[in-house]
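> Sequence isn't available, so here's the structure alone:
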């Protein structure tokens, strides 16, 4: 019994370390992917909020669109890699950070909802010292 207990502790600690390292790697990849970024207004196209129990646990995801130079881009991600906004509705608007050289690479900033063009202008004006928190 004692040996099984120690093995389960080792497995638990190992799993925790792997999870933390994977999360850090995903954040670093996102940071490198965005590189030199700019901002656009993103529109929520679909939001899937799945429960915390069962097969789909932690698989909530979001799809969003945004325009750069009159070209519409669509992107999506799930909560395993990035923070999702809290229960957005379809057509809710948020700030999107996108790579200036490759606009398809982007990240919806769920902490920054846009309710009017003035909200977006105020965000961009105040974004000179803004740093994305991955």
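That came in fine, so what should we check first? Bear in mind that the values here come from a model prediction, so they are computed numbers and not experimental data. Numbers count the residues shown, from 1 in each chain.
> mind listing the strands for this structure?
Under the criterion DSSP state E, strands of the chain are mapped to 37-48, 61-68, 71-78, 93-99, 106-113.
> Could you say which of those strands is packed most deeply?
With neighbours defined as mean count of other C-beta atoms under 10 Å, those peak in mean count at strand 93-99, which reaches a mean of 22. The C-beta positions use only the backbone N, C-alpha and C, and glycine is treated the same way.
> Could you name the helices and strands sitting against that strand?
Applying 3 or more C-beta pairs under 8 Å, 6 or more residues apart in numbering; DSSP states H and E, one finds that strand 93-99 contacts helix 2-34, strand 37-48, strand 61-68, strand 106-113.
> Might you calculate how far the third one sits from the centre of the chain?
The reference is to strand 61-68. Here the centre of strand 61-68 is set off from its chain's centre by 11 Å, with C-alpha atoms, centre = their mean, to the nearest Å.
> For that strand, name the packing helices and strands.
strand 37-48, strand 71-78, strand 93-99, strand 106-113.
> domain ranges for this protein?
Using automatic domain parsing, the domain ranges for the chain come out as 1-34, 36-128.
> Could you list the low-pLDDT ranges of this structure?
For the chain, the stretches flagged by pLDDT under 70 are 1, 19-33, 50-59, 79-83, 133-134.
> Could you check how far residue 39 is from residue 8?
Distance from residue 39 to residue 8, counting by C-beta to C-beta, to the nearest Å: 47 Å.
> next one: residue 124
According to C-beta to C-beta, residue 124 and residue 8 sit 51 Å apart.
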